[in-house]
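[1] Need a 3D model of the sequence below.
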Amino acid sequence: MVRGKTQMRRIENATSRQVTFSKRRNGLLKKAFELSVLCDAEVALIIFSPRGKLYEFASSSIQATIERYEKHTKEIQASKPPEDEGNVQLRQETAAMIKKIEQLEASKRRLLGEGLGNCSLEELQQLEQQLERSVGTIRAKKMQVYKQQIQHLKEKGKALAAENAILCEKFGLQTPSGGSSNEERTAAVAATAATQSAETSEVSDVETELFIGLPETRNKRPSQK
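    Next up, the predicted model:
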């Protein structure tokens, strides 16, 4: 059976935290001493307690080990090839892009009504104005789409009327009276219906008369005995 890893976190109880610190500190100092003796390694260990008390161990000298570490770090830095300017610019652009994405994500959450706890009154007013402008743009686009559909229906009605006239002429039939105008009127009715649909979509409250019973008894009153 595989057990999940236990997540380590700070011990809340001060007494238990101090006891654990003492035990782990002594164990760490012991391991550092064993490592220096058994493996002939140069070891330096520095520990500061939560109260600021210093504990240290060194196989030779703390200062000498620190100086050796600094010298080794400088040698590694000097041995690295100079970084390409293109890579530096690319990294800067990447960091700027990441920051911009984070800002866009925060703005998106605010538009969805999330993460508003830290917003000031001025920021909320600006957000409200932005949403109102967005709704106005969306409604204008919706009306544009409705107008395009109406124009398409009119053109379709004219095309059907022309096709009907050609078929009547081909088979020697008499064109229905006002055939072309009838088709145009049909298209106009469809266009009017689309327009009314666009207008009624703005209305949220609709009154409806509900009647339960047979149709023929709708207008009849109960007979009085």
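
[2] residue ranges of the helices in the protein, please?
    14-38, 62-79, 85-111, 121-170, 179-200 (DSSP state H).

[3] so which of these is the most packed in?
    helix 179-200 (a mean of 14; mean count of other CB atoms under 10 Å). C-betas here are computed from N, CA, C, even on glycine.

[4] Tell me which of the helices of the chain lies nearest to residue 54.
    helix 62-79 (10.3 Å; CB to CB).

[5] Run through the neighbouring helices and strands of that closest one.
    strand 44-48 (3 or more CB pairs under 8 Å, 6 or more residues apart in numbering; DSSP states H and E).

[6] Quick one: neighbours of residue 52, just the number.
    6 (other CB atoms under 10 Å).

[7] okay, it: pLDDT?
    For residue 52, the model assigns a pLDDT of 89.

[8] quick one, phi/psi of it?
    Main-chain torsions, residue 52, degrees, to the nearest 10: phi 90, psi 10.

[9] Relative to residue 28, how far out is it?
    Per CB to CB, to the nearest Å, residue 52 is found 18 Å from residue 28.

[10] returning to that earlier point: which one of the helices of the chain lies nearest to residue 44?
    Nearest of those (CB to CB): helix 62-79, 3.7 Å.

[11] what ranges of this protein fall below the confidence cut-off?
    Across the chain, the ranges flagged by pLDDT under 70 are 1-6, 82-84, 175-225.

[12] What residue spans form the domains of it?
    By the assignment in automatic domain parsing, the chain contains the domains 14-79, 130-200.

[13] how distant is the shortest one from the center of its chain?
    On the basis of CA atoms, centre = their mean, to the nearest Å, domain 14-79 is displaced by 46 Å from the centre of the chain it belongs to.

[14] Equivalent analysis for stretch 71-86, please.
    Centroid displacement of stretch 71-86 relative to its chain, using CA atoms, centre = their mean, is 40 Å.

[15] How about stretch 158-176?
    With CA atoms, centre = their mean, you get 56 Å for stretch 158-176.

[16] got the CA coordinates for it in CSV?
    Only the C-alpha atoms of stretch 158-176 are listed here, as CSV (Å, rounded to 0.1, in the frame of the first residue of the first chain):
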residue,chain,number,x,y,z
LYS,A,158,-38.1,38.7,-54.3
ALA,A,159,-36.2,35.7,-55.5
LEU,A,160,-39.1,33.4,-54.8
ALA,A,161,-41.5,35.8,-56.6
ALA,A,162,-39.2,35.8,-59.7
GLU,A,163,-38.9,32.0,-59.6
ASN,A,164,-42.7,31.7,-59.3
ALA,A,165,-43.2,33.9,-62.4
ILE,A,166,-40.7,31.9,-64.4
LEU,A,167,-42.4,28.6,-63.5
CYS,A,168,-45.9,30.0,-64.4
GLU,A,169,-44.6,31.2,-67.7
LYS,A,170,-42.9,27.8,-68.4
PHE,A,171,-46.0,25.7,-67.8
GLY,A,172,-48.4,28.2,-69.3
LEU,A,173,-50.1,29.0,-66.1
GLN,A,174,-51.6,32.3,-65.2
THR,A,175,-49.6,34.2,-62.6
PRO,A,176,-51.6,34.6,-59.5
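
[17] circling back to that earlier point, can I get the helices of the chain in CSV including distance to residue 48?
    CSV is the format used below for those (distance: least, CB to CB, whole Å):
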stretch, distance to residue 48
helix 14-38, 10
helix 62-79, 13
helix 85-111, 33
helix 121-170, 43
helix 179-200, 73
